[in-house]
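Chemist: Sharing a sequence plus its predicted fold:
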Amino acid sequence: MSDEFIYPEGISVDSLKKLFEEAYMEVSVDTDGDLIVKDNYRCYLRPDPDGRLISIYAIFGANAEAAQDAKLAYINKVNDQVKLIRASVSANGKFFFDYYLSVEGGISKRAVVMSVRRFFSCLGSALREDTENVVA
């Protein structure tokens with residue numbers, strides 16, 4: 001993976017797809033136009049229209065038997081213990097984990113790939129915090 005820089009005007013789903021293919025990672029584009037990157041987990045990448053930020057996120061279902069209080073306690077625990085990603089629970093009960101990568105001023109291709117790998121690592125840490133089995 002090169003240390004070549006990319007700038008906001010060069011950020012698109014297609015350019016990111018090519019970048020992750022070059023890093024030998026499994027990638028595809030979903031029907032909403034988001035890039036899907038698969039490793040131990042699956043995450044989605046969505047660049048802002050101006051290319052200044054890349055949203056990296058993952059969605060997990062919830063155990064149907066989990067109480068809302070248990071879900072919120074889990075989210076609070078993740079946000080307290082896993083500092084680099086943000087966790088939330090949606091109105092429909094699904095768990096949402098996200099991180100925003102700034103591209104403003106340029107970023108190396110290597111840093112983009114390593115940020116997604118770090119996201120996967122943080123996601124694993126977050127899921128290990130699920131001691132009450134609220135995540136499906």
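Modeler: Yes, it's here.
Chemist: So for the lengthiest helix in the chain, mean pLDDT?
Modeler: Taking DSSP state H as the criterion, the chain has its longest helix at helix 109-128. If you average the pLDDT over helix 109-128, you get 97.
Chemist: on contacts alone, who are the packing partners of that helix?
Modeler: Under the contact criterion of 3 or more CB pairs under 8 Å, 6 or more residues apart in numbering; DSSP states H and E, helix 109-128 touches strand 5-6, helix 13-22, strand 42-47, strand 53-60, strand 95-102. The C-beta positions use only the backbone N, C-alpha and C, and glycine is treated the same way.
Chemist: looking at the ones you listed, which is closest to residue 129?
Modeler: strand 95-102 (11.3 Å; CB to CB).
Chemist: Who does that closest one pair with, and is each partner parallel or antiparallel?
Modeler: strand 53-60 (antiparallel), strand 86-89 (antiparallel) (DSSP bridges).
Chemist: what's it in contact with?
Modeler: Applying CB atoms under 8 Å, 6 or more residues apart in numbering, the contact partners of strand 95-102 are 52-62, 71, 74-75, 78, 84-90, 107, 112, 115, 119, 122-123, 126, 134-135.
Chemist: Over to stretch 56-64?
Modeler: 41-46, 71, 89, 93-101, 115-116, 119, 123, 127, 133-136.
Chemist: are any of those buried, and which?
Modeler: Buried members of those, counted by 16 or more other CB atoms under 10 Å: 43-46, 71, 89, 95, 97-99, 101, 115-116, 119, 123, 127, 134-135.
Chemist: Which element, helix or strand, includes the residue of the chain most remote from its centre?
Modeler: Here the centre of the chain is the reference, and by CA atoms, centre = their mean the most remote residue is residue 65, at 25.9 Å. Under DSSP states H and E, no helix or strand contains residue 65.
Chemist: what's the neighbour count on residue 128?
Modeler: 11 (other CB atoms under 10 Å).
Chemist: And for residue 131?
Modeler: 9.
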